[in-house]
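1. A predicted structure for the sequence below; I have some questions about it.
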Amino acid sequence: FSTGALAGRNVVITAGPTQEAIDPVRYISNHSSGKMGFALAKAAAEAGASVRLISGPVHLPTPDRVERIDVTSARDMHAAAMQQTSDSDIFISCAAVADFRPETVAEIKIKKDPDSPNEGMTVSLVRNPDIVASVAAKEDRPFVVGFAAETGNVIEYAKDKRKRKNLDLIVANDVSDTSIGFNSDDNAVTLIGADIEEPLPKCSKRQLAGQLIEMIAQFYSQSQEQQ
Ligand code: C5P
């Protein structure tokens, strides 16, 4: 039995990067460490929620009382997120999902032609599904929180993204500053909703996760009262 701000709530969180296979030994990915998503999972569990964490390939221990579901590609993550949000109250999309994947995955390791040392190679990419937008478009949708990592015009782009993807809240993150965002231990963000724009100054991802979970819980209960 728990008495926290999210007691009795089911929370699903995505975290980390995705890996998009080119052949059996190669992939396309990004620098996401998963730290922010794992910190959010820990904070949500501490706030009393029952947490399922859908994680791409990361090197992090699973927080206590968190159920972890490991995935590799964006399509795996999409399938897991659609399934896990069928009975969830809140969905937080923190993963750095690859926007594109190779159109085809070679069944055997791609070889370079020894007779053509100057020849390049082309990998054709196709769009991946937008996971957070898919969850937000569900008929019986949970309260949906997205992230927006940007390198300029951060607030503007985040506001636009929140509307376009039909999210309740979006966490705007300026990743042009390398001391915050991606692999760093610190972060500074702005939480944006329909009627709010709340800057949360720079602090550790652990502290920030606690503040974000507290605010998400607050806006979630407000949304429940309005129903
Ligand atoms: O469009 P952009 O990638 O900047 O949006 C970021 C937000 O969308 C994040 O919450 C991220 O987790 C989510 N996203 C997603 N599926 C994608 C791309 C982004 O869920 N294919």
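-> Here it is on my side, so go on. Residues are numbered from 1 along each chain as shown.
2. ok, residues contacting the helix or strand containing Ala21?
-> Following DSSP states H and E, the helix or strand that holds Ala21 is strand 20-23. Contacts to strand 20-23, defined as C-beta atoms under 8 Å, 6 or more residues apart in numbering, come from residues 27-29, 72-74, 98, 100-102, 105-110, 123, 128. Where C-beta positions appear, they are placed from N, C-alpha and C, glycine not excepted.
3. from the residues you listed, which would you call buried?
-> Buried residues within these, counting neighbours by 16 or more other C-beta atoms under 10 Å: 27-29, 72-74, 98, 101-102, 123, 128.
4. Let me know the closest of those to the ligand.
-> Relative to the ligand, the closest of the buried ones among the contacts of strand 20-23 is Asn128; by C-beta to the nearest ligand atom it sits at 4.7 Å.
5. what residues are up against that closest one?
-> Counting by C-beta under 8 Å, 6+ apart, Asn128 makes contact with 18, 20, 74-75, 78, 97-101.
6. do you know how far it is from Ser32?
-> 15 Å (C-beta to C-beta, to the nearest Å).
7. next one: Ala217
-> Ala217 sits 25 Å away from Ser32, going by C-beta to C-beta.
8. With Arg164 instead?
-> Distance from Arg164 to Ser32, counting by C-beta to C-beta: 22 Å.
9. the more surrounded of the two?
-> Taking other C-beta atoms under 10 Å, Arg164 and Ser32 do not tie; Ser32 has more neighbours (24 against 10).
10. Let me know the pLDDT of the more buried one.
-> Per-residue confidence (pLDDT) for Ser32: 91.
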